[in-house]
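**Q** 3D, please:
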Amino acid sequence: MGPRLREGDVGFRLAQAIKSTLQRALVLRYCAMNATFCLIFIFALIAILVDRFYVRAKSARAFRARFDRQFLEAKLELSDPLYQFDGASATVIATVEEMGKRGNAGFLLSIERYARNQHGEYFLVRSDEPGAPFVKHVSHRIAKVILAEKYIESNTASSRT
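**A** Below is the predicted model of the structure:
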């Protein structure tokens with residue numbers, strides 16, 4: 001072991017200066033790494049927020065507009081006029097929207113619209129894909145459960161089923 005440095009020695013002061021310089025360099029390097037990490041984190045957070053509130057909202061608005069057009073064009077033509085559906089003349093009773101993720105498919109918006117035809121029969125129009133919506137007759141028993149206070153009793157023969 002070599003001689004010990006004392007506070008007044010030139011070597012001690014030099015060692016202190018080197019130590020102080022190294023500490024400042026490490027602190028600056030640490031702060032620079034933290035600043036870089038903070039900037040990356042802030043940009044990532046901004047990207048997530050933009051995706052969540054702008055891109056997805058824009059996508060949902062476009063999907064709703066497309067669904068509204070498809071609903072007006074939707075038709076279900078059967079031999080019995082009681083069970084025919086025409087979206088342009090139907091009365092919308094309720095609309096249910098669900099938003100979420102499906103696996104790796106990304107953001108998904110699903111819209112279900114319950115409507116009545118001019119004979120008082122209930123129909124479900126559902127779409128969760130860019131294609132044409134699914135149209136299905138809904139019995140009065142099921143419509144009464146789903147629509148609750150929005151349900152309107154009908155005098156047609158199918159209302160007893």
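
**Q** which other residues reach stretch 70-83?
**A** Residues outside stretch 70-83 that contact it (Cβ atoms under 8 Å, 6 or more residues apart in numbering): 84-88, 113, 115, 119, 121, 123, 125, 127, 132-133, 135, 137, 156-158. Using the backbone N, CA and C atoms, a C-beta is placed for each residue, glycine as well.

**Q** now that stretch: buried residues?
**A** Burial within stretch 70-83, assessed by neighbour count using 16 or more other Cβ atoms under 10 Å, is assigned to 70-71, 74, 83.

**Q** ok, now stretch 117-133?
**A** When neighbours are counted by 16+ other Cβ under 10 Å, the buried residues of stretch 117-133 are found to be 117, 119-128, 133.

**Q** next, the distance between the ends of it.
**A** When the termini of stretch 117-133 are compared using Cα to Cα, to the nearest Å, they are 17 Å apart.

**Q** mind listing residues that contact it?
**A** For stretch 117-133, with Cβ under 8 Å, 6+ apart as the criterion, the contacting residues are 66-67, 70-71, 74, 76, 81-87, 89-90, 93, 108-116, 134-140, 143, 147, 152, 154-156, 158-159.

**Q** tell me where the model's unsure across the protein.
**A** Flagging of the chain using pLDDT under 70 yields the residue ranges 1-12, 14, 22-33, 100-108, 130, 155-161.

**Q** all strands of it, in order?
**A** All strands of the chain, identified by DSSP state E, fall at 75-76, 85-86, 91-101, 107-116, 122-127, 134-138.

**Q** if anything else comes up later, I'll come back, but that's it for now.
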